[in-house]
Structures are given as C-alpha cells and as structure tokens.
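# below are the sequence and a predicted model; questions follow.
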Amino acid sequence: MKILARSLMLGLGMAVSVGANASLLGLHGDDDTSPFEVPAVNDYAPLVGANGFIGGHLFNSSSSAIRVTYEYIFKEASLPNTFWVGDTQVFSGSPNSVTYSEVVSSLADLTFSFRTDIYGVPHRVDNDRNSAYQNSDENMYNFFLYEAGENLWYAALDDGRNGPDDNHDDMVIRITAVAVPEPVSLGLMGLGLLGVGAFRRRS
C-alpha cells in the first residue's frame, strides 16, 4: 500500500507541475503589430519604459482550457472608458469591482474589449481587432500589451482623445492565467488523496 500511495502522489505531482509550468498566454501578431516602449509621460509609473507591443492580441496558447483573471489597476482618463469581457461590462474605474474571470478554451482568443465615448461617439476595440494604426475613425485608439512575467500580462489603453498621445495610461488592466484542471488530473488527485488516507490509516 505504501508503494501505491507513493506512486499516486508522484503521478499527481507530475500532472500538476506540467500544468503549472506551461506558458498559457500567447501574443498573436498581424501585419501592423509593432514593438512599443511606454514613454515617460505615462501616469502609471510601473509601466514607464516597459517594452511590449501594440497591434497584437492575446490568446490561449495552451492545449487545454485556462482560467483568465482580469484585474483593474489604473485609469488616468476623464473619458468614460470601460472594460468588457464578452458582453459583460466589468470595469469602469470603480474600486468596487477589481477582478473578473473567464474560462477560455484551447487556442481561442481572450474575449475582452475596451470601450469609450469620445465627444458623444461610442468606440470600442476588441482584443482580436487591436490595431497599431490610429488614423481612422474605427481605430481611433488601441491598447499596449506587455508581458510582465509567465502568464502575466498588462493591457493598457490609449483612448486617442485629442489625437493619439501614445501614453497608454487611459485604463490599465492586469491579466493572469492558470490552467483549468482536466478530468484526468482531477482523477489522479482523487486517487492520490485516497492513497494518502489509506497510507495514514495503516501507519
């Protein structure tokens, strides 16, 4: 029984470690994706000098579902900028709601978007339509993407008011991801717990 318990725990540890160490978020670039360094005029100091991209979008780069958590960090703009996940508005700058999560299937784009109202005209940019060009009505604004660590990204909006200023501090969102346990991993966990229980009773 001791050997069985140890084997189950080893299998469980391997399953968990594989999920924990894999990179879960990837950046998908297109023709206008460009490297970008946040300038000193950004009002959110931790992003100043950060090197990332504009014109790209985030997706689940893993082979299974992941849980993505969005955290409201900062908003400099006076415009009514909001952050949405799917069809749900989750952040408007209010401190009353600071995190929100979604489950994203394998290789799918994250479903978030930024929205604003510029002089009475609503605008939005979805994660999969983030353009580096701000020379048309549709692309009056965009967001900067910065990888701050494994499975940790920042999305920072430039709302384009009075022309694009490229400071990307008009709403800042922190994005993190964790693996969603698969049925096989859950089964191993259950067997491991049973094995531990049996091991303790016989000790």
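Looks like it arrived, so ask away.

# just checking, Gly55 touches Ser34?
Yes. Counting by C-beta atoms under 8 Å, Gly55 does reach Ser34; the two are 5.5 Å apart. Placement of C-beta: from N, CA and C, glycine included.

# following the helix-or-strand element of the chain with minimal mean pLDDT, which helix or strand comes up?
Lowest by mean pLDDT, DSSP states H and E among the helices and strands of the chain is helix 2-21, with a mean of 40. Heading C-terminal from helix 2-21, the first helix or strand you meet, by DSSP states H and E, is strand 25-28.

# would you mark the buried spots in that next one?
Neighbour-count burial for strand 25-28 flags Leu25, Leu27 (criterion: 16 or more other C-beta atoms under 10 Å).

# direction included, what does it pair against?
For strand 25-28, the pairing partners within the sheet under DSSP bridges are strand 57-60 (antiparallel).

# contacts for the strand it pairs with, please.
Strand 57-60 is contacted from outside by 24-28, 66, 68, 104-110, 127-130, 145, 153, 155, 175, 177, using C-beta atoms under 8 Å, 6 or more residues apart in numbering.

# so for Gly55 and Ser34, which residues contact both of them?
Ala132.

# of these two, who's got more company?
Per other C-beta atoms under 10 Å, whichever of Gly55 and Ser34 has more neighbours is Gly55, with 21 against 11.

# so what's that one up against?
Gly29, Asp30, Asp32, Thr33, Ser34, Asn130, Ser131, Ala132, Tyr133, Asn142.

# skip the chain neighbours and tell me the closest residue to Asp170.
Ala77 (3.8 Å; C-beta to C-beta, 6 or more residues apart in numbering).

# ends of stretch 85-92, what's the gap?
Start-to-end span of stretch 85-92 (C-alpha to C-alpha, to the nearest Å) is 12 Å.

# so what pairs up with the residue most central in space within the chain in the strands?
Taking C-alpha atoms, centre = their mean, the centroid of the chain lies closest to Ile175, which sits 3.0 Å from it. Bridge pairing for Ile175 (DSSP bridges) gives the partners Tyr70, Trp153.

# next: Asp117.
Beta-bridge pairing for Asp117 (DSSP bridges): Pro122.

# list the residues that contact it.
Asp117 neighbours (C-beta under 8 Å, 6+ apart): Leu79, Pro80, His123.

# neighbours of Gly149, how many?
7.

# from Thr176, how far off is it?
Look at Gly149 and Thr176: by C-beta to C-beta, to the nearest Å, they are 9 Å apart.
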